[in-house]
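A.B. asks: Model the structure of this input:
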Amino acid sequence: MNKMLVTAPEIYNHRLKNVLIKNDFQTIQFPVITTEIFFNSNFKSIFEKINSIDYVILPSRNAIKTWFFHWKYAKLPYNKLKDIRFVTIGKDKEYLMDFGFKSAIIPSESGTQGIVKELSLLENLSRVVVVAPKVKSIREPSIIPDLISNLKKFTEVIRMDGYITRPIENFDMQRFDAIVNDKNVYIALTSGGEAEALNFLIGKHKFKNLKFVCFGPYTASTLKKLGVKPIFTGTRYSAFDDFASQLKNFLNH
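C.D. replies: Just a heads-up that it's a prediction; the model follows:
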């Protein structure tokens, strides 16, 4: 049985673990990044001019949590949110529904480039908000900066940092080494942040000798920038189920 070390943060880790188990993988949960919401007073100014915002882009579950945390902190009624058009990626639309709202746009191509393609087709688009992480201790993966740069080609973009992403503290190097010494262990990366964090935590020498599988091309691009080629990169990456089934087929043939 193939063994998969899952480095995703807690908000995704358990869900990916369960999907991998259904596809006959033995899983080891080992988050390498942590996220936490911080209060950003600038959200208030966004809320005050919300009628002038065409779309609010929430490119992760943490971005969704962050938006509603700040809205609740502002003590504004939820009915004022009813006209806001949200953009999410893949199955994050289901997480948004947990807060009582539906995505106005769900890109057919899962990922930030899908967001750019969908919004570029719209007429009279003047301003969007992107809820983003503030990355600490590690280099920020290019995903969000590239998203913003590409959106700026045809609309005004307001970046709102509302949560922190950083490598975990108290990383258990001894346990990690014991796990990856098993040649049957692969490391599943679901984001560029995980790749950057693990490289930071264990060092380049160890990092380049590990076997990685990547959720999609955006994650793989960060890994390649760190000098490592993934063994596998998902091509259907709108959901963990697709990734896991593709990965199973790849490793069993």
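A.B. asks: can we go C-alpha only for contacts and neighbour counts from here?
C.D. replies: Will do.
A.B. asks: Residues contacting stretch 163-181, please?
C.D. replies: By C-alpha atoms under 8 Å, 6 or more residues apart in numbering, the list of residues contacting stretch 163-181 from outside reads 31-38, 62-63, 66, 132-138, 185-186, 193, 197-198, 200-202, 210.
A.B. asks: Narrow those residues to those in helices?
C.D. replies: The helices, defined by DSSP state H, take in 62-63, 66, 193, 197-198, 200-202 from the contacts of stretch 163-181.
A.B. asks: ranking those residues by neighbours, who comes first?
C.D. replies: Gly193 (28 neighbours; other C-alpha atoms under 10 Å).
A.B. asks: what's that residue in contact with, if anything?
C.D. replies: Taking C-alpha under 8 Å, 6+ apart as the definition of contact, the neighbours of Gly193 are 33, 140-141, 165.
A.B. asks: any idea which residue sits dead centre in this structure?
C.D. replies: When the chain is reduced to its mean C-alpha position, the nearest residue by C-alpha atoms, centre = their mean turns out to be Ser60, at 5.0 Å.
A.B. asks: Report the distance from the top strand by length along the chain to the chain centre.
C.D. replies: The residue-count maximum for a strand in the chain (DSSP state E) belongs to strand 156-167. The chain centroid and the centroid of strand 156-167 are separated by 12 Å, computed with C-alpha atoms, centre = their mean, to the nearest Å.
A.B. asks: Give me the buried positions along that strand.
C.D. replies: Buried residues in strand 156-167, counted by 16 or more other C-alpha atoms under 10 Å: 157-167.
A.B. asks: Save those as CSV, and put in distance to Ala8 and pLDDT too.
C.D. replies: Compiled in CSV, the buried residues of strand 156-167 are given as follows (distance: C-alpha to C-alpha, whole Å; pLDDT from 0 to 100):
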residue, distance to Ala8, pLDDT
Val157, 28, 98
Ile158, 27, 98
Arg159, 24, 98
Met160, 23, 98
Asp161, 20, 98
Gly162, 19, 96
Tyr163, 16, 96
Ile164, 15, 96
Thr165, 12, 96
Arg166, 12, 97
Pro167, 11, 98
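A.B. asks: among those residues, which two are most distant?
C.D. replies: Of all pairs drawn from these, the one with the largest separation by C-alpha to C-alpha is Val157 and Pro167; the distance is 27.8 Å.
A.B. asks: burial measure for the residue lying closest to Gln29 once chain neighbours are set aside, as a count.
C.D. replies: The shortest distance from Gln29 to any non-neighbouring residue, by C-alpha to C-alpha, 6 or more residues apart in numbering, is to Val6 (5.0 Å). Each residue near Val6 was counted by other C-alpha under 10 Å, and the total is 24.
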